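S.K.: this is the structure alone, sequence omitted:
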């Protein structure tokens, strides 16, 4: 049944997002030895991965500034990274660490490709499944809402007052202290 396929695809997309976050955490743990400050300077996981790919094991940040500027980071981020990189307490990574780093980046690239293809698949079918929702918020948001609610029937049963917090990340004391372990509200 096409409806169940779309609902299950949405659930799989959410799992892919979680898996990408886990892979990003692994990438940060590996690269921390080389450039511990980078995680705080580049908070977007996709930009972080791209920056790591460019910087790699280079200790002189001025050697990679131009490449970082090729659509990866803003000029302000590049300046900040150059300054931080010149004073970092990091060390060059070993060949074993570089191999783990490469494997993690390749894995994250694969997750991105899968996520993009699955998102496109779901969006193309949302127009037929929920045309009114798509007309209001577009197929991308409609697909996310459907996935968060657990299906079209479940989405239709959500009271308007609860609709606005659908998928919102719940904050707790540790997340406000910077030690976030995000949980989505049901």
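M.R.: Structure's in. What do you need? Values in this document were obtained by computation on a predicted structure and should not be read as measured data. Numbers count the residues shown, from 1 in each chain.
S.K.: tell me the secondary structure for the residue nearest to residue 62 when sequence neighbours are not counted?
M.R.: Leaving aside its sequence neighbours, residue 62 sits nearest to residue 82 (CB to CB, 6 or more residues apart in numbering; 6.3 Å). C-beta coordinates here come from the backbone N, C-alpha and C atoms, glycine included. At residue 82 the chain is in helix, as set by DSSP: H, G, I helix; E, B strand; the rest coil.
S.K.: who's in contact with residue 82?
M.R.: 61-62, 65 (CB atoms under 8 Å, 6 or more residues apart in numbering).
S.K.: what subset of those is buried?
M.R.: With neighbours counted by 16 or more other CB atoms under 10 Å, the contacts of residue 82 contain buried members at 61, 65.
S.K.: in TSV, list the contacts of residue 82 along with pLDDT and secondary structure.
M.R.: Formatted as TSV, the contacts of residue 82 follow (pLDDT from 0 to 100; DSSP: H, G, I helix; E, B strand; the rest coil):
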residue	pLDDT	secondary structure
61	92	helix
62	91	helix
65	93	helix
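S.K.: grab the most central residue of this structure for me.
M.R.: residue 45 (5.2 Å; CA atoms, centre = their mean).
S.K.: ok, and the closest non-adjacent residue to it?
M.R.: Leaving aside its sequence neighbours, residue 45 sits nearest to residue 24 (CB to CB, 6+ apart; 4.1 Å).
S.K.: now residue 136
M.R.: residue 142 (8.0 Å).
S.K.: pretty sure that neighbour is in contact with residue 128, am I right?
M.R.: No: here residue 142 does not reach residue 128: they are 11.4 Å apart, not a contact under CB atoms under 8 Å.
S.K.: enumerate the positions of stretch 65-84 that are buried.
M.R.: Counting neighbours by 16+ other CB under 10 Å, one finds that the buried residues in stretch 65-84 are 65, 67-68, 72-73, 77-78, 80-81, 84.
S.K.: an error on my part: the question was meant for stretch 93-108.
M.R.: Those would be 93, 97, 100-101, 104-105, 108, for stretch 93-108 by 16+ other CB under 10 Å.
S.K.: same deal with stretch 43-56?
M.R.: 45, 47-52, 54-56.
S.K.: what does stretch 155-169 give?
M.R.: Buried, per 16+ other CB under 10 Å, within stretch 155-169: residue 155.
S.K.: show the contacting residues for residue 58.
M.R.: By CB under 8 Å, 6+ apart, the neighbours of residue 58 are residue 64.
S.K.: flag the shaky bits of this protein, pLDDT-wise.
M.R.: Across the chain, residues meeting the criterion (pLDDT under 70) sit at 169-186.
S.K.: related to what we said a few turns ago, so the residue nearest to the centre of the chain makes contact with residue 26?
M.R.: No: the criterion here is CB under 8 Å, and residue 45 misses it with residue 26 at 11.2 Å.
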